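>>> only geometry, no sequence info:
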């Protein structure tokens, strides 16, 4: 495979020539790749933060030994990185449990930390950088107090950001313990209350399940999938969208086998929690990007309750295909950058009413231009 | 083929196209840029590095370019891409080459977890290597430059790359970054030293790079065993003196200079302990570079 020069044309060609993300499920497709193709794979998966997951998939399939030396080295390095993340998250969870013992509140782990501590396949090789937890809204003040007493600090002091999180989002501003690097996000709902979607947190707590790790629970399978779907496109950081998709696919494959009645529950629960639309996009993306297949009954059910009106489907398909399909490790072409920007605005639109949206986005843009420390480069 | 043998036009064409792919020992780096001004510093400072296969696997793939925003024209900046992302804040455009070096360092410090990586300069003489772990400002780069200008082989001025299973040190010879007064000291020490352009007003003051000796670059695939670990401290006017440090203290202090020590976990500790067990540790206080170099070279005669 000849190296192609970068640039919009080169970018989309490289993207099409990459092995699809199905390599995570069927690592055997990688065995016949030459070094030039491997270079692209390593870089693209690293960009998507999926290299450790790929590394574990390759190892679990017993394929590591036959690969070129440099590939083995990169995959080993990726596995080590993920192992360290796992250690840090377990420790952070342990410290949080200690700090909140006095409050006696139910803590539900979310996202990566949940997958990891519950021993789910989605947690294997996942780079978990932040720890997300869900606590009841009426205990939020006590939780905040206990954490601050135990040595956590606000990761960002800026008053605007503090207000943004508390008033308009569904979480405390991010915390970081003064002795460690892990960010802690304490949520009281899984999507912002000011947003246009309104899932009921009480229902989530009612179905939450215990895990081996004492003091923590995780969401019920359908709820976990719906949460992942809501955040795939709802988060500000769209760079993580491909990884969220991989998480979703891993969760779906696992629950399809391990959880009796999972498929029957999924669409009705989506409707109950007002998350049918995100689920629609999530399953559609899984099918188009990963080639996943779902029971016909589920797809039909979703089409009835989750499918957006006709012009929107078309537009979203284009936006998603530009952003989420296996990307090359080259800088985004103007088309992809524009698609990302539109999805980024949409994510904010979902979280806040229009009158807040434009001032908020303007402010973020200005901070980025000025090189504000609290505003990471895009 | 080495970089300086590539005609300038071809060098620029590749830089702007598929990239210049360089062999820097265990790491292959690919650099792409539209900036003509990177050409000269690269030819001066990486001139003796071999070009690696273009269709192979790179360990660091970076691109340095003007941003797409207005800052392309107004108070011009450059941004760096690693695998398509821009994780760092932009630099002023005149600092494009320091940015390239800085980003390559970042890749070296943060990625290769199949090795144990320490923040240290490493030089070698007679098959045995000397590690200089370095708090910033301790003078390790100056000392490293002095040693290589007096016959030691440069293995690296920033990172000790250690194979965990065997304790072997691998060489990654690259331009040695000299800051502020260090430049004057080296010019004085060795007037014939080949230096790149000076870049004032970086975050660390004025930065100038010393060419890695061609012999060091040619031998970049030769590994070495660690024999001495020396913690340098520059003190104006002080005579050069070595004070032996216990193995336990050496292990702790070397560990503090680890880049990925905690990523490797228990294995990191064991590998470093094994390495230190085979080394003598010292504190070195020094004022005059020549004296310090002599004192360290004398170590190699001792045993």
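That came in fine, so what should we check first? This one's a predicted model, so the numbers in the text were calculated from it and none came from an experiment.
>>> how distant is the host helix or strand of residue B:98 from the center of its chain?
Using DSSP states H and E, the element containing residue B:98 is helix B:96-110. Averaging C-alpha positions (CA atoms, centre = their mean, to the nearest Å) puts helix B:96-110 10 Å from its chain's average.
>>> ok and the next helix or strand after that helix relative to helix B:96-110, angle-wise?
Counting by DSSP H and E, the next helix or strand C-terminal to helix B:96-110 is strand B:116-125. The directions of strand B:116-125 and helix B:96-110 differ by 110 degrees, with axes from the mean of the first three to the mean of the last three CA atoms, to 10 degrees as the criterion.
>>> gap between the closest residue to chain B within the stretch 251-378 of chain A and residue A:345?
Per CB to the nearest CB, residue A:329 is where the stretch 251-378 of chain A lies closest to chain B, at 4.2 Å. Placement of C-beta: from N, CA and C, glycine included. Relative to residue A:345, residue A:329 is positioned 25 Å away (CB to CB, to the nearest Å).
>>> and these two? which has more neighbours close in?
Regarding residue A:329 and residue A:345, a neighbour count based on other CB atoms under 10 Å in any protein chain shown identifies residue A:329 as having more, with 25 against 13.
>>> quick one: secondary structure of that one?
Under DSSP: H, G, I helix; E, B strand; the rest coil, residue A:329 falls in the coil class.
>>> and if you look at the one 3 residues further on?
Assigned by three-state DSSP, the conformation of residue A:332 is coil.
>>> and the one 5 residues further on, by the same measure?
Assigned state for residue A:337: helix (three-state reduction, three-state DSSP).
>>> can you confirm residue B:56 is in a helix?
No - read with three-state DSSP, residue B:56 is coil and lies in no helix.
>>> my guess is it meets residue B:21, correct?
Yes - at 7.5 Å, residue B:56 counts as touching residue B:21 under the criterion of CB atoms under 8 Å.
>>> quick one: contacts of the helix holding residue B:98?
If you take CB atoms under 8 Å, 6 or more residues apart in numbering or on different chains as the criterion, helix B:96-110 is touched by B:27, B:29, B:31, B:33, B:35, B:37-38, B:41-42, B:59-60, B:62, B:64, B:78, B:80, B:82, B:88, B:91, B:117, B:119, B:158-159, B:161, B:172, B:174-175, B:177, B:196-197, B:199, B:202, B:207, B:209, B:259-260.
>>> confidence score at residue 268?
Assuming you mean chain A. pLDDT, the model's per-residue confidence, is 91 for residue A:268.
>>> other chain: chain B
With respect to pLDDT, residue B:268 has a value of 92.
>>> now the helix or strand hosting it: how far from the chain's centre is it?
For residue B:268, the host element (DSSP H and E) is helix B:266-277. The gap between the average C-alpha position of helix B:266-277 and the chain average comes to 23 Å, counting by CA atoms, centre = their mean.
>>> for stretch A:221-237, same thing?
Its chain's C-alpha centre and that of stretch A:221-237 lie 7 Å apart, by CA atoms, centre = their mean.
>>> around chain A, which positions in chain B sit nearby?
B:17-19, B:32, B:53-59, B:61, B:63, B:68-69, B:79, B:81, B:83-90, B:111-114, B:262-265 (CB under 8 Å from any CB of the partner chain).
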